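Q: from the sequence below, what's the structure:
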Amino acid sequence: MIYLILLIMFGIISLFVDKSFSSFMFSIRSGFLSSFVYYTLLILKEYILLIFSVIILYFKDKKKIINAVIGFFLTGFVVTILKYFINRPRPFEVILNSKLNIFDYSFASFNTSFPSWHTAAAFSLLPFVFYFNKKLGYLWIAISILIGFARIYTGFHYLSDVLFGGLIGYLIGYLSLKKFNYF
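A: Numbers count the residues shown, from 1 in each chain. Model prediction:
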């Protein structure tokens, strides 16, 4: 419970430093780091469903599989509703010189920034992965953090978008795993 309170407090504080943090992230960009982020996102984007499928096949508890899938889609629903009502512009639309020439930003202009769907989706699966395999859970934490970092680095999201996206995803995933019995 204390971690949840601390994360919420950190998320609220991050709202006040979002633009300066993003500007800092843009200032540390390098060719190597940009290529790393690009290829990491490309791989994760293309293979996230494969990774998700492998994790589901690894699960042995059919009810937990159903809860994981429902939690994943419920996370998407909640994030979409929040994006619609909050309607926060993305950093690359607000901060000058924030676009990287290796990314296509045109597809993201129809969507809003808060909260980060990619980060929420990754963190929504975290409780399930830890439930079935702790070692794989630590790998999933690294993947989820990398996704959040990449979303900030590329200018698609602010720090608060990623923190609250991760929090929303994790809470829905946790509740889907521990509290809700859909079937």
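Q: can you tell me the SS state at the one residue sitting closest to the centre of the chain?
A: The central residue of the chain, meaning the one whose C-alpha is nearest the mean C-alpha position (C-alpha atoms, centre = their mean), is T119 at 0.2 Å. At T119 the chain is in helix, as set by DSSP: H, G, I helix; E, B strand; the rest coil.
Q: hmm, it is touching I147, no?
A: Yes - T119 is within contact range of I147, at 5.7 Å (criterion: C-beta atoms under 8 Å). The C-beta positions use only the backbone N, C-alpha and C, and glycine is treated the same way.
Q: can you list residues touching both of those two?
A: Residues touching both T119 and I147 (C-beta atoms under 8 Å, 6 or more residues apart in numbering): there are none.
Q: can you give me the helices in the protein?
A: With DSSP state H, the ranges of helices along the chain come out as 2-27, 31-58, 62-86, 91-94, 117-132, 134-153, 159-178.
Q: pull the CA atoms of stretch 136-154 into CSV?
A: Extracted C-alpha coordinates of stretch 136-154, given in CSV (Å, rounded to 0.1, in the frame of the first residue of the first chain):
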residue,chain,number,x,y,z
LEU,A,136,9.9,-14.0,-15.9
GLY,A,137,8.2,-11.3,-13.8
TYR,A,138,11.5,-9.5,-13.4
LEU,A,139,12.1,-9.6,-17.1
TRP,A,140,8.6,-8.2,-17.7
ILE,A,141,9.4,-5.3,-15.3
ALA,A,142,12.5,-4.5,-17.4
ILE,A,143,10.4,-4.7,-20.6
SER,A,144,7.7,-2.5,-19.1
ILE,A,145,10.1,0.1,-17.9
LEU,A,146,11.9,0.1,-21.3
ILE,A,147,8.6,0.7,-23.0
GLY,A,148,7.9,3.7,-20.7
PHE,A,149,11.4,5.1,-21.2
ALA,A,150,11.1,4.8,-25.0
ARG,A,151,7.7,6.5,-25.0
ILE,A,152,9.2,9.5,-23.2
TYR,A,153,12.4,9.5,-25.2
THR,A,154,10.6,9.6,-28.5
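Q: contact partners of stretch 76-86?
A: Residues contacting stretch 76-86 (C-beta under 8 Å, 6+ apart): 111-117, 120-121, 165, 168-169, 172.
Q: just the buried members of these?
A: Buried residues within the contacts of stretch 76-86, counting neighbours by 16 or more other C-beta atoms under 10 Å: T112, S113, F114, P115, S116, W117, A120, A121, G165, I168, G169, I172.
Q: output these as JSON lines; include the columns distance to I12 and pLDDT.
A: Formatted as JSON lines, those follow (distance: C-beta to C-beta, whole Å; pLDDT from 0 to 100):
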{"residue": "T112", "distance to I12": "19", "pLDDT": "85"}
{"residue": "S113", "distance to I12": "17", "pLDDT": "83"}
{"residue": "F114", "distance to I12": "13", "pLDDT": "89"}
{"residue": "P115", "distance to I12": "13", "pLDDT": "91"}
{"residue": "S116", "distance to I12": "16", "pLDDT": "90"}
{"residue": "W117", "distance to I12": "21", "pLDDT": "88"}
{"residue": "A120", "distance to I12": "18", "pLDDT": "92"}
{"residue": "A121", "distance to I12": "23", "pLDDT": "88"}
{"residue": "G165", "distance to I12": "15", "pLDDT": "94"}
{"residue": "I168", "distance to I12": "14", "pLDDT": "94"}
{"residue": "G169", "distance to I12": "18", "pLDDT": "93"}
{"residue": "I172", "distance to I12": "20", "pLDDT": "93"}
